[in-house]
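In: after the sequence you'll find the predicted model.
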Amino acid sequence: MAASSERRVTTQEAMERAAALHHAGKRAEAAAIYRRVLEVEPQNADALHLLGIVTRQSGKPKEAIGLIRQAIALKGENPNYVSNLGTAFEAAGDIEDALAAYRRAITLMPDYPEPHQKLGALLQAKGRHKEALAPLQRAVELRPEALDWQLSYGNVLMSLGRLQDAAAVFSRITARDPKQSEAHFRLGNALFTLKRKDEALASFCRAVEAKPDHDAALFAITTLLMEKREPQALVAACDDAFKTDPGNRRMISSKIVALHELGRRDEAHALLGMDPFMRPVEIATPAGYADLNVFNAALAEEIRSHPTLVFEKSGHATKFGGHTGDILIDPGPAVAALESAIRAAVADYFREVPSDATHPWFAAKPAKWKLQSWAVVMGVQGHQMPHIHPAAWLSGVYYVKIPVMGPPSRDPQAGWIEFGRPQDNMFVTAEPELKLYTPKEGMMILFPSYLFHRTVPIETKEQRISIAFDVLAADSTSRGPY
């Protein structure tokens, strides 16, 4: 251990210094001190335990398991050690071992709140809501001031259909802290399901007051006002949202819908901006490939074998198809070449798009941007439901493989991409303004992220492969819709 010019630092002082660094998020520096303590005192169980926590937080859960087990072997089954062993097991994907560790920690100290919460949260994450209820309830009894724990407890009650009880929990949270936007939103969901729609609308509005970009709450407001046949109120809600978040893509799309419902089609057309803001692009063959057919075949192979490709992923707009995660993370050579083409097309777009200071979308135009991208693989009757990308500013799609159509389809536009049609649950009665493109391999389309878009269902046994992408502000924390 380091010594000052006058005396040697004690173990206790070193541990306190390491703990302070650890709490400040300086994990590497904290770990170095814990290791120096262990060089002097190899049997220091606390140093082993805390080094295990830092190691797990640094993305090395299996190494952390070994360290915390050494601490337990030295000091016995300390409930805190055992609970953190469970966390390391969970991070390593050893779910049953994690559950067993949390239960053991509870047995060792029944009034220790953390393992109750960890046990309940893990069971909740695995969809085992009935089992999760008791530990989460006990956790909030032991630590009622932990509002995030209260939120998890309320969510489990919602999942079990105990709406009144869930609403009571969410109400307690918002009473203690009116800035808890997610609790307001969850309360709104409970009240909506209980058919107390005016109260639900008020809760959704409070969620947005606390967090102006709360997209789910904004969408709930939109659908509720449309269900109540109040498009004028929706226009007002959108304009209010623009005061605090002037480029909000959810509210741009919602205002377009409301203007159509009000018969104000010229205003809706101007806000849609499909003609000036949409751009089809045909990319050049990337270097190293004989032609676009060869390039697209290589892309298709990388997508089909991508380790994150999951079919029929719950909660996604894609039906009868699959999604990957972000393909720009450790991309193959074909994906990397496409990324370069996308970046060039986006850079051109930023230079050339006609600026319109009256259009709210430009208020959110990022000065610096980043890309996220994912692939979509569709099968028979594969299609995408109408949706927007509210976290992005600009979005796009590149067509890798378009199936050869068989006999004449019942829908002559099968497989086309359609812009302008809102989601069914927005209760629209007016016919929207639409724009459709016939996709072809090697074609890219750039469009504002506020535009509703969908794929018309196809009728073919061949796969249809496309790559979607979002252009986001460089400091955005969104992980995209994949």
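Out: Yes, it's here.
In: can I get the longest strand that the chain contains as PDB, trimmed to CA atoms?
Out: Taking DSSP state E as the criterion, the chain has its longest strand at strand 369-387. C-alpha atoms of strand 369-387 as PDB (Å, rounded to 0.1, in the frame of the first residue of the first chain):
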ATOM      1  CA  TRP A 369     -25.300  12.900 -35.300                       C
ATOM      2  CA  LYS A 370     -24.800   9.200 -35.000                       C
ATOM      3  CA  LEU A 371     -26.300   6.200 -36.700                       C
ATOM      4  CA  GLN A 372     -28.100   3.100 -35.400                       C
ATOM      5  CA  SER A 373     -29.100   0.400 -37.800                       C
ATOM      6  CA  TRP A 374     -30.900  -2.900 -37.700                       C
ATOM      7  CA  ALA A 375     -32.000  -5.500 -40.300                       C
ATOM      8  CA  VAL A 376     -35.600  -6.800 -40.900                       C
ATOM      9  CA  VAL A 377     -36.200 -10.200 -42.500                       C
ATOM     10  CA  MET A 378     -39.800 -10.900 -43.500                       C
ATOM     11  CA  GLY A 379     -41.400 -14.200 -44.400                       C
ATOM     12  CA  VAL A 380     -44.800 -15.100 -46.000                       C
ATOM     13  CA  GLN A 381     -47.300 -12.300 -45.300                       C
ATOM     14  CA  GLY A 382     -44.500 -10.300 -43.700                       C
ATOM     15  CA  HIS A 383     -45.200  -6.600 -43.100                       C
ATOM     16  CA  GLN A 384     -44.700  -3.700 -40.800                       C
ATOM     17  CA  MET A 385     -47.500  -2.000 -39.000                       C
ATOM     18  CA  PRO A 386     -47.700   1.800 -39.200                       C
ATOM     19  CA  HIS A 387     -45.200   3.400 -36.800                       C
END
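In: that strand: how far from the chain's middle?
Out: Averaging C-alpha coordinates over strand 369-387 and over its chain gives two centres that are 15 Å apart (Cα atoms, centre = their mean, to the nearest Å).
In: now it: average pLDDT?
Out: Across strand 369-387, the average pLDDT comes to 82.
In: who touches stretch 132-141?
Out: 102, 106, 113-114, 116-117, 119-121, 123-124, 146, 149-150, 152-153, 156-157, 160 (Cβ atoms under 8 Å, 6 or more residues apart in numbering). C-beta: built from backbone N, CA, C; applies to glycine.
In: can you rerun that using 7 Å?
Out: Where contact means Cβ atoms under 7 Å, 6 or more residues apart in numbering, the residues beyond stretch 132-141 that reach it are 113, 116-117, 119-120, 123-124, 146, 149-150, 152-153, 156, 160.
In: so which of those belong to helices?
Out: Here DSSP state H is the test, and the contacts of stretch 132-141 give 113, 116-117, 119-120, 123-124, 149-150, 152-153, 156 as lying in helices.
In: show me the residue at the heart of this structure, geometrically.
Out: Taking Cα atoms, centre = their mean, the centroid of the chain lies closest to Arg479, which sits 5.0 Å from it.
In: helix, strand or coil for it?
Out: At Arg479 the chain is in coil, as set by DSSP: H, G, I helix; E, B strand; the rest coil.
In: tell me the spacing between it and Asp470.
Out: Arg479 sits 10 Å away from Asp470, going by Cβ to Cβ, to the nearest Å.
In: so, low pLDDT: which residues of the stretch 1-150 of the chain?
Out: Across the stretch 1-150 of the chain, the ranges flagged by pLDDT under 70 are 1-9.
In: nearest spatial neighbour of Arg249, chain-adjacent residues omitted?
Out: Ranked by Cβ to Cβ, 6 or more residues apart in numbering and with sequence neighbours excluded, the top spatial neighbour of Arg249 is Tyr450, at 3.9 Å.
In: now do the SS call for Arg229.
Out: For Arg229, the assignment made with three-state DSSP gives coil.
In: again, but for Ala392
Out: Criterion first, three-state DSSP; result for Ala392: coil.
In: just the one 4 residues further on next, same as before
Out: Following three-state DSSP, we place Gly396 in the strand state.
In: what sits against it?
Out: 342, 444-447, 469.
In: pick out the most distant pair among the residues you listed.
Out: Farthest-apart pair in the contacts of Gly396 is Ile342 and Phe447; separation 13.5 Å (Cβ to Cβ).
In: inside helices: which ones of the contacts of Gly396?
Out: Among the contacts of Gly396, the members falling in helices (DSSP H) are Ile342.
In: so which of the contacts of Gly396 is surrounded by the most neighbours?
Out: Most neighbours among those, by other Cβ atoms under 10 Å: Phe469, with 29 neighbours.
In: report the beta-bridge partners for it.
Out: Residues in a beta bridge with Phe469, per DSSP bridges, are Ser373, Gly396.
In: ok, it - contacts?
Out: 342, 371-373, 395-396.
In: any idea how far Ala392 is from it?
Out: Distance, Phe469 to Ala392, by Cβ to Cβ: 9 Å.
In: if we can go back for a sec, counting by contacts, list what the longest strand of the chain packs against.
Out: strand 318-323, helix 333-352, strand 453-455, strand 464-473 (3 or more Cβ pairs under 7 Å, 6 or more residues apart in numbering; DSSP states H and E).
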